[in-house]
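J.: Please work out how this folds:
(one chain, ligands or ions: 1)
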Amino acid sequence: MKKIALHWQIVIALALAFAVGLWANFETEGMEEKPDWFGELEYFAGFVGKLFLNALKMMVVPLVTTSIIVGIINVGGERNFGRLGLKTLGFYAATGLLAVCTGLLLVNLIQPGEVPPELEATMRAQGAEADSAKIQGAEKNAEDGFRGILEIFQRMIPANLFDAAVKGQLLGLIFFSLLFGFFVSKLPEKPRKTQLRFWESLNAAFLAMTKFIIAFAPIGVLGLVIPTLMTTGTELFEVMGKFALTVLLGLGIHLFVVLPLFLKFIAKENPWNHFRAMAPAMLTAFSTASSSATLPLTMDCVRKRAGVSNKVTSFTLPLGATVNMDGTALFECVVVVFLAQLFGVEMGFVTQFSVVVMALLTSIGVAGIPSASLVAIIVILNAAGFNPEQITIGVGIVYVVDRVLDMCRTAINVFGDSCAAVVIGKTEGESGYYENLVQGQDESEEKEDLFA
Ligand code: ASP
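T.: This is a model prediction of the structure:
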């Protein structure tokens with residue numbers, strides 16, 4: 001019997017999770033005390049989901065470090081190293097800017113914050129109620145306003161590498177690995193080759209482990225999505241519908257129009273092939289709402305299913321998972337202007353322009369974990385002149401619908417990184433992308449032999 005392709009397995013799991021999660025949600029709607037089975041289902045599904053999430057997270061630090069080190073040792077000695085770096089950052093800046101502008105345009109056109117007074121009262125009440133520990137924590141982290149943005153850049157150079165790794169601060173880890181790889185590439189031939197072989201074999205072992213873990217993605221997705229949907233308040237979407245729609249429309253335009261244009265006209269590839277190649281990673285990003293946790297899968301899809309070289313993926317993807325968040329930047333921008341409309345905070349052209357810049361800058365520092373953009377949003381609201389009460393209530397309002405939007409924007413974040421890898425790989429003269437996929441050999445062996 002023909003094996004069902006991984007992305008279809010995940011789609012089926014996701015559909016099942018939606019059915020079960022929403023059924024449990026509606027079945028117990030309005031109940032003061034939930035029945036026993038509800039708690040049991042939430043616990044056991046959550047247990048399975050957590051196992052999968054932990055396994056993915058477990059691979060992030062080893063995979064990021066070894067991939068970057070191997071990638072940079074390979075290209076560090078070449079003259080085109082700087083060019084590769086500049087191209088990558090240029091692509092990230094351009095797509096990020098386009099995403100924010102799309103968000104800004106839509107939120108000004110749709111005006112989701114212009115609501116009738118009675119709806120505004122409901123929203124405010126819900127916002128005040130949602131004042132959970134998470135929001136307070138985010139507020140504390142963002143107290144410093146503009147300095148918060150600078151702090152992000154400070155984290156780039158960690159005082160203690162292991163501390164950064166333990167805290168999952170990828171930016172610091174990336175910086176160290178880039179520097180280390182670069183200086184290894186400058187070593188005399190013999191020690192350089194020894195180092196390369198060592199890091200390559202380590203990386204190959206980590207990739208094999210990742211592949212093993214990915215096989216469990218359908219079960220993991222089931223476990224992650226069921227509890228999320230069981231506990232998501234659906235009535236809030238009625239109130240927040242216009243806002244959620246603005247965000248989703250913006251994300252949709254970025255996903256289906258803007259990024260495919262780059263694939264079509266710069267990479268000269270068929271965007272549909274890329275969607276197919278990236279489906280497992282995007283579905284996992286959607287289920288986990290964490291681009292960091294999805295990184296092992298993203299790397300696997302871009303290398304094996306899309307066929308981009310190790311050299312390009314090892315550099316662009318870990319960096320992208322941390323600094324390139326198109327969906328997040330778009331979301332931040334829509335939220336800030338939406339809240340300004342809701343609270344009647346005046347936002348002239350100059351303020352809106354500074355929101356664009358801040359959304360771009362803060363999205364660089366937002367960690368690839370669920371709801372991480374709340375901190376960035378508070379930083380921007382502070383800087384844009386909202387008062388503390390408006391900030392607390394405003395973030396509360398957004399928080400109640402955040403999870404589902406987070407799932408969507410994370411999928412866009414991951415897709416954006418993967419497009420960067422393809423576009424940059426193609427402009428570096430690579431070819432033969434998607435051949436495995438087109439020939440129906442999704443899971444075939446890597447094109448590039450690591451030890452050749
Ligand atoms: N959850 C997002 C990510 O991991 C970050 C965010 O927008 O909150 O990419």
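
J.: Name the residues of the stretch 201-350 of the chain found near the ligand, please.
T.: Contacts of the stretch 201-350 of the chain with the ligand, taken as CB under 6 Å from any ligand atom, map to Ala289, Ser290, Ser291, Met325, Thr328. Placement of C-beta: from N, CA and C, glycine included.

J.: okay if I get those residues as a markdown table plus pLDDT, secondary structure and neighbour count?
T.: Shown next, in a markdown table, are those (pLDDT from 0 to 100; DSSP: H, G, I helix; E, B strand; the rest coil; neighbours: other CB atoms under 10 Å):
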| residue | pLDDT | secondary structure | neighbour count |
| --- | --- | --- | --- |
| Ala289 | 92 | coil | 25 |
| Ser290 | 93 | coil | 27 |
| Ser291 | 92 | helix | 32 |
| Met325 | 95 | coil | 35 |
| Thr328 | 96 | helix | 28 |
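
J.: With respect to Asn74, which of these is nearest?
T.: Closest approach between these and Asn74, by CB to CB: Ser291, at 24.7 Å.

J.: close enough to count as contact, that closest one and Met282?
T.: No. Between Ser291 and Met282 there is no contact, the gap being 10.6 Å when judged by CB atoms under 8 Å.

J.: Quickly find the element holding the spatially closest residue to Pro271 that is not a sequence neighbour.
T.: Closest residue in space to Pro271, ignoring its immediate chain neighbours: Pro260 at 3.6 Å, by CB to CB, 6 or more residues apart in numbering. When elements are assigned from DSSP states H and E, Pro260 belongs to helix 259-265.

J.: Could you give the average pLDDT over that helix?
T.: Averaged across helix 259-265, the pLDDT comes to 97.

J.: Which other helices and strands does it contact?
T.: Helices and strands touching helix 259-265, by 3 or more CB pairs under 8 Å, 6 or more residues apart in numbering; DSSP states H and E, are helix 81-110, helix 271-288, helix 402-427.

J.: Of all these, which one is nearest Val375?
T.: Per CB to CB, nearest to Val375 of these: helix 402-427, 12.4 Å.

J.: hmm, that closest one touching the ligand?
T.: Yes. On the criterion CB under 6 Å from any ligand atom, helix 402-427 is in touch with the ligand at Asp406, Arg409, Thr410, Asn413.

J.: and these as a markdown table, adding distance to Ala125?
T.: Shown next, in a markdown table, are these (distance: CB to CB, whole Å):
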| residue | distance to Ala125 |
| --- | --- |
| Asp406 | 23 |
| Arg409 | 26 |
| Thr410 | 29 |
| Asn413 | 32 |
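
J.: and Leu295, how many neighbours does it have?
T.: 29 (other CB atoms under 10 Å).

J.: element containing it?
T.: With DSSP H and E as the test, Leu295 turns up in helix 291-300.

J.: Whichever helix or strand comes after that helix - contacts with which helices or strands?
T.: Counting by DSSP H and E, the next helix or strand C-terminal to helix 291-300 is helix 310-323. Packed against helix 310-323 by the contact rule (3+ CB pairs under 8 Å, 6+ apart) you find helix 36-76, helix 81-110, helix 170-185, helix 291-300, helix 402-427.

J.: Looking at those, which one is packed in the most?
T.: Counting by mean count of other CB atoms under 10 Å, helix 291-300 has the highest mean neighbour count of the helices and strands packed on helix 310-323, with a mean of 27.

J.: roughly how far is that one from the heart of the chain?
T.: 9 Å (CA atoms, centre = their mean, to the nearest Å).

J.: who are the neighbours in contact with Ala321?
T.: Going by CB atoms under 8 Å, 6 or more residues apart in numbering, Ala321 touches Leu170, Ser291, Ser292, Thr294, Leu295, Thr298, Gly368, Asn413, Val414, Asp417.

J.: again, but for Gly49
T.: For Gly49, the contacting residues are Gly220, Val221, Leu222, Gly223, Leu224, Val225, Ile226, Pro227, by CB under 8 Å, 6+ apart.

J.: Out of those, flag the one nearest to the ligand.
T.: Checking the contacts of Gly49 against the ligand with CB to the nearest ligand atom, the nearest one is Leu224 at 13.1 Å.

J.: Would you state the predicted confidence (pLDDT) at the closest one?
T.: For Leu224, the model assigns a pLDDT of 91.

J.: low-scoring stretches of this protein, by residue?
T.: For the chain, applying pLDDT under 70 flags the ranges 1-2, 76-77, 126, 128-149, 152, 233-239, 438-452.

J.: let's see 50
T.: 442-452 (pLDDT under 50).

J.: most remote residue from it's center?
T.: Lys190 (39.2 Å; CA atoms, centre = their mean).

J.: Now for that one, which secondary structure element holds it?
T.: Using DSSP H and E, the element containing Lys190 is helix 189-214.

J.: Could you look up the next helix or strand downstream of that helix?
T.: Next along the chain after helix 189-214, taking DSSP H and E as the criterion, comes helix 217-231.
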